[in-house]
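# Build me a model from this:
(one chain, ligands or ions: 1)
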Amino acid sequence: MGAKDRLGQKHIEAFHEIKRLFFPRWDLRGQWRVRHQTPGGHARLGGGRCYSESKLILLSEVSMEKEELWCLIIHEICHSSISGHGKRWKARMRKAAERAKMLGFERLGEKLLKNIDGYNADWNEIKGDWIHGFPTAVYGKIEDILLDCPDITYTILVKYLARELCLSPKEFRKKYKRARKVFDDAKKEMTEWRHPIKNSLLKS
Ligand SMILES: [Zn+2]
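Modelled structure (predicted):
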């Protein structure tokens, strides 16, 4: 067995253990895969990528302590169906950190919380991004609003966002073609994960 295969094996074992301990209701059909990627090119050493559509997590890791690897895998699993490091991704990570502490993995819990902190961008910066209408920021905003108001309808949401962006609802729909899909996906995903919405709001 070559070094790369051994690493691949180590990743697969860690992935399954993490799934069992942290995400028992995720990927029940076992469709997700982890694969080792040689660092270099686009692959950062100690980095990971999550491809939601092909249900694949690529990890480029050479030798890392267990907490480091577990944190990386949890980070990537939290990206399944969520791109970016917004509120919903953070809520998932926070939940995993709480679980780590509950299971007695103190250091892993700390590492996860530190990882979340690394993505706490200045709120004004985020607001600036979305108020300028950058599509990714607007789509991120849709996910944030849903987290706060899970029962909001799509029509009301579009009305609100359009007003904030000085557009008519019709212009909004035309400019942000993926908005409906982002809304539907976020809604579906929230039901699947059953986020502790109230708890995460209290803490944020
Ligand atoms: Zn990430």
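
# Now do the domain split for the chain, please.
Residue ranges for the structural domains of the chain, counted by automatic domain parsing, are given in the record as 3-117, 123-203.

# For C78, the count of nearby residues, please.
The number of residues packed around C78, counting by other Cβ atoms under 10 Å, is 26. The C-beta positions use only the backbone N, C-alpha and C, and glycine is treated the same way.

# ok, now how distant is it from I152?
With the distance defined as Cβ to Cβ, to the nearest Å, C78 ends up 23 Å from I152.

# Equivalent analysis for A137, please.
From A137 over to I152 the distance is 19 Å, taken as Cβ to Cβ.

# More neighbours: these two, which one.
A137 (18 against 15).

# buried set for the one helix or strand that one maps to?
Assigned by DSSP states H and E, A137 belongs to helix 135-148. Neighbour-count burial for helix 135-148, with 16 or more other Cβ atoms under 10 Å as criterion, is recorded at 137-147.

# so can I have CSV of those residues showing pLDDT and distance to H16?
CSV is the format used below for the buried residues of helix 135-148 (pLDDT from 0 to 100; distance: Cβ to Cβ, whole Å):
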residue, pLDDT, distance to H16
A137, 80, 36
V138, 86, 37
Y139, 86, 32
G140, 82, 31
K141, 84, 35
I142, 88, 33
E143, 82, 29
D144, 79, 32
I145, 83, 35
L146, 83, 31
L147, 77, 29
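
# Could you dump those residues into TSV and include distance to V34?
Formatted as TSV, the buried residues of helix 135-148 follow (distance: Cβ to Cβ, whole Å):
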residue	distance to V34
A137	30
V138	32
Y139	27
G140	26
K141	31
I142	29
E143	25
D144	29
I145	32
L146	29
L147	27
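
# Looking at the residues you listed, which is nearest E171?
Closest approach to E171 among the buried residues of helix 135-148 (Cβ to Cβ): V138, at 12.7 Å.

# quick one: the closest one and L161 touch, right?
Yes. Using Cβ atoms under 8 Å, V138 makes contact with L161 at a distance of 6.9 Å.

# about what we covered before: buried deepest among the domains of the chain, which one?
With neighbours defined by mean count of other Cβ atoms under 10 Å, none of the domains of the chain is more surrounded on average than domain 3-117, at a mean of 17.

# and it, what's its mean pLDDT?
Averaging pLDDT along domain 3-117 gives 88.

# longest single helix anywhere in this structure?
Once the chain is assigned using DSSP state H, the helix that runs over the most residues is helix 3-22.

# ok, residues contacting the helix or strand that that helix is followed by?
Toward the C-terminal end, the helix or strand that comes next after helix 3-22 (DSSP H and E) is strand 33-36. When contacts are defined by Cβ atoms under 8 Å, 6 or more residues apart in numbering, strand 33-36 is touched by residues 4, 7-8, 11-12, 15, 55-61, 73.
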